[in-house]
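> Build the 3D model from these lines:
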Amino acid sequence: MDKRTCTALASALVATLTLGAAGCSGGKKADDGRDRKNPATANNGAVVGGTPQKGGTLTVLSNQDFQHLDPARNWVMNEMDFGTRLLYRTLVTYKAEPGAKGGELVPDLAEDLGTPSNGTKTWTFKLKKGLKYEDGSPITAQDVKYNVERSFSPDLTGGPDYAARYLAGAEGYQGPAQGKHLDSIKTPDDHTIVFELRKPFAEFAYAAVLPTFAPVPKAKDNGPQYDSRPFSSGPYKIETYARDKQMVLVRNPHWDPKTDDVRKAYPDKIVVTMGLKQNQIDDRVIAGTGADASAVSWGKLRPESTPKVLTKPEVKARLLAESSNCHDMVQMHTGRAPFDDIKVRQAVQYALDREAILTANGGPALNDLSTALMPGSLFGGKQPDALKIPVTGDVEKAKQLLKEAGKSGGFATSITVSNGDKAIGEAIQQSLGRAGIKVTIETVDPSAFYDTIGDTKKRTDLVFTGWCPDYPSGSTFLPFVFDGRFIKEKGNSGNHSLFRDQATMKRMDEIAAMTDAAQANKAWQDLDGEILAKAPTAPTIIERWPLVLGTNIAGAFGHTSFGGQLDYATIGLKDPSKSGN
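Prediction:
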């Protein structure tokens with residue numbers, strides 16, 4: 001999930017971790033991502049369709065509703081892209097450019113990338129003048145403070161928790177509902193906001209990209225219902241939103257492009273049509289005729305649709321397949337038997353057939369096999385292979401580990417997967433079954449998936465999910481996936497193995513305190529192998545995000561910092577008159 005007159009430390013960090021970032025998030029090379037040998041990646045690092053013309057209607061075809069658009073709760077990569085590019089602005093944001101340049105920060109609501117002081121424990125942002133909401137009222141620093149505070153509310157689960165991890169005095173805070181506010185966020189005037197942190201955080205400017213740092217006026221806050229109607233500070237506002245059916249965005253007349261160097265707002269209207277079957281969506285955008293010429297897919301291309309694209313040059317020319325930079329894993333409930341036994345967890349690692357999972361998800365054109373926890377981008381381009389498990393698994397080793405754990409006869413368990421990942425669930429089921437682990441698959445609609453697996457009391461033993469670094473640092477991967485101090489009973493994110501290991505947490509704190517970026521980077525890489533050996537998860541694949549564009553789409557590219565999803569800041573139409581609206 002998600003990144004400067006910054007300090008010398010932060011500059012050194014970027015120099016050391018030469019990649020375009022990603023978030024909520026391994027990759028291959030630290031260049032523009034082009035791989036001449038992979039037919040799916042010919043357009044990576046490029047803009048497809050030329051420069052859009054202003055006007056018309058862009059249609060987004062989706063198999064699901066949004067999980068959350070409330071900026072206090074929005075922490076899924078493609079939803080962060082949609083929300084922060086169209087509906088609300090944040091203190092800083094990413095450049096709207098393909099390839100590695102998409103990982104560079106630029107000011108958004110703020111005049112610059114923030115001014116650190118007090119050893120990077122204090123960060124000050126000055127807001128631009130003339131910023132307005134959709135009703136013409138001014139955007140203030142107090143509104144940004146209010147949204148950060150409301151992100152602590154118990155009834156607004158699932159959002160980024162950087163504020164809880166880093167703000168001074170945040171322990172036990174429950175949000176502003178009772179009139180309580182955080183003293184560590186100061187707003188000396190309407191255009192200045194100051195964050196006081198409990199420990200140095202040279203990467204704070206990257207965190208300020210997240211929706212948590214978007215403004216919400218107190219008068220418009222209606223708790224969980226805000227999800228259905230965020231008040232716009234971006235170029236579009238919500239005209240209508242029928243859950244699971246359709247969302248219509250129209251222009252926000254009070255958005256001033258003079259204050260915004262990132263968003264181009266080419267279409268007059270954006271219509272998101274939901275509840276479709278993904279294979280039907282694939283067929284429609286592949287054909288690219290009629291109204292579908294001006295359409296794009298929200299979800300990634302289904303594996304079975306891949307041959308329809310790669311075998312047709314005219315369709316392949318409309319394919320984007322950037323690495324999501326997100327690592328998919330089988331996460332095991334380490335607090336519940338039998339997965340509280342490390343040997344059982346290691347047996348899963350050895351039994352897993354990663355090649356079968358890769359095949360089920362579209363093959364090597366759309367995925368890379370994974371051999372570590374963090375994506376390759378956080379290792380300088382290539383993951384290490386510490387366990388050296390064959391790609392098809394080692395069933396005999398898995399059986400031996402189960403025997404040592406007293407489970408020689410195997411056992412039964414369940415896994416939760418998103419509806420679209422059922423084939424992956426079946427590949428996991430078959431490969432673990434070879435070692436005697438009988439797996440029942442439970443599928444969940446994508447819009448409810450994270451809420452389901454985030455309920456730690458009711459969830460299954462196994463879940464198939466992943467993590468994307470919010471910016472290019474191990475500090476935004478390993479602590480969010482394996483620090484047991486931030487596990488929530490409901491709305492739990494990241495640490496779906498419920499891993500609580502004291503030695504790991506102690507080492508995380510030690511690395512976080514390091515002032516040398518290169519030293520910290522190496523330490524995160526070493527810790528990756530140490531956690532992997534304790535087997536809270538089993539690595540599987542690093543996915544690409546394949547998207548086929550309608551024939552009338554222009555200005556399109558997969559944004560490296562949003563998991564390969566289309567950058568909605570710049571997309572539009574070649575000929576608006578052909579969009580039918």
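> Going by C-alpha atoms from here, please, whenever you check contacts or count neighbours.
OK.
> average model confidence for the longest strand along the chain?
With residue count as the measure and DSSP state E as the assignment, the chain has strand 319-332 as its longest strand. Strand 319-332 shows an average pLDDT of 94 in the prediction.
> elements contacting that strand?
Under the contact definition 3 or more Cα pairs under 8 Å, 6 or more residues apart in numbering; DSSP states H and E, strand 319-332 sits against strand 462-467, strand 537-548.
> so what secondary structure elements neighbour the last one?
In this structure, strand 537-548 makes packing contacts with helix 278-287, strand 295-297, strand 319-332, helix 342-351, helix 354-360, strand 367-369, judged by 3+ Cα pairs under 8 Å, 6+ apart.
> Can you check which of the ones you listed gets nearest to residue 111?
Put simply, out of those the one that sits nearest residue 111 is strand 319-332, at 29.5 Å, with distance taken as Cα to Cα.
> and that closest one with strand 537-548, angle?
Interaxial angle of strand 319-332 relative to strand 537-548 (axes from the mean of the first three to the mean of the last three Cα atoms, to 10 degrees): 160 degrees.
> In a strand, residue 116, correct?
Yes: following the definition DSSP: H, G, I helix; E, B strand; the rest coil, residue 116 is counted among the residues of a strand.
> beta partners of it?
Partner residues in beta bridges with residue 116: residue 123, with DSSP bridges as the criterion.
> ok, residue 118 to residue 148 distance?
Taking Cα to Cα, to the nearest Å as the measure, residue 118 falls 21 Å from residue 148.
> That should have said residue 129, apologies.
Between residue 129 and residue 148 the distance is 21 Å, computed by Cα to Cα.
> Compare neighbour counts for those two and give me the winner.
Set side by side, residue 129 and residue 148 show more neighbours around residue 148, with 28 against 15, by other Cα atoms under 10 Å.
> correct me, but the more buried one touches residue 73?
No: with contacts counted by Cα atoms under 8 Å, residue 148 stays clear of residue 73, the gap being 10.7 Å.
> Now do the shared contacts for those two.
Here residue 148 and residue 73 have residue 212 as joint contacts, going by Cα atoms under 8 Å, 6 or more residues apart in numbering.
> longest helix in this protein, by residue count?
Using DSSP state H to assign secondary structure, the helix with the most residues in the chain is helix 517-534.
> Next, the angle strand 537-548 makes with it.
Regarding helix 517-534 and strand 537-548, their directions subtend 110 degrees when assessed with the same axes, to 10 degrees.
> Next, the buried residues of helix 517-534.
Neighbour counts using 16 or more other Cα atoms under 10 Å place 517-518, 520-521, 523-525, 527-529, 531-534 of helix 517-534 among the buried residues.
> Remind me what that helix packs against, helices and strands.
Contacts defined by 3+ Cα pairs under 8 Å, 6+ apart place helix 517-534 against helix 8-16, helix 502-512.
> and the closest residue to residue 553 other than its chain neighbours, how far is that from residue 489?
If you skip the residues right next to it in sequence, residue 553 has residue 573 as its closest partner in space, 4.7 Å away by Cα to Cα, 6 or more residues apart in numbering. Taking Cα to Cα as the measure, residue 573 and residue 489 are separated by 45 Å.
> Show me which of those two is the more surrounded one.
Between residue 573 and residue 489, counted using other Cα under 10 Å, the more crowded position is residue 573 (30 against 11).
> For the more buried one, give me its contacts.
Shown in contact with residue 573 (Cα under 8 Å, 6+ apart): 52-56, 58, 266-267, 294, 552-555.
> Please apply the same query to residue 489.
Shown in contact with residue 489 (Cα under 8 Å, 6+ apart): 454-457.
> Of those - the most surrounded one?
The most neighbours of any of those, using other Cα under 10 Å, belong to residue 454, which has 23 neighbours.
> Below-threshold pLDDT in the stretch 101-250 of the chain: ranges please.
Low-confidence regions of the stretch 101-250 of the chain, defined by pLDDT under 70, are absent; no residue qualifies.
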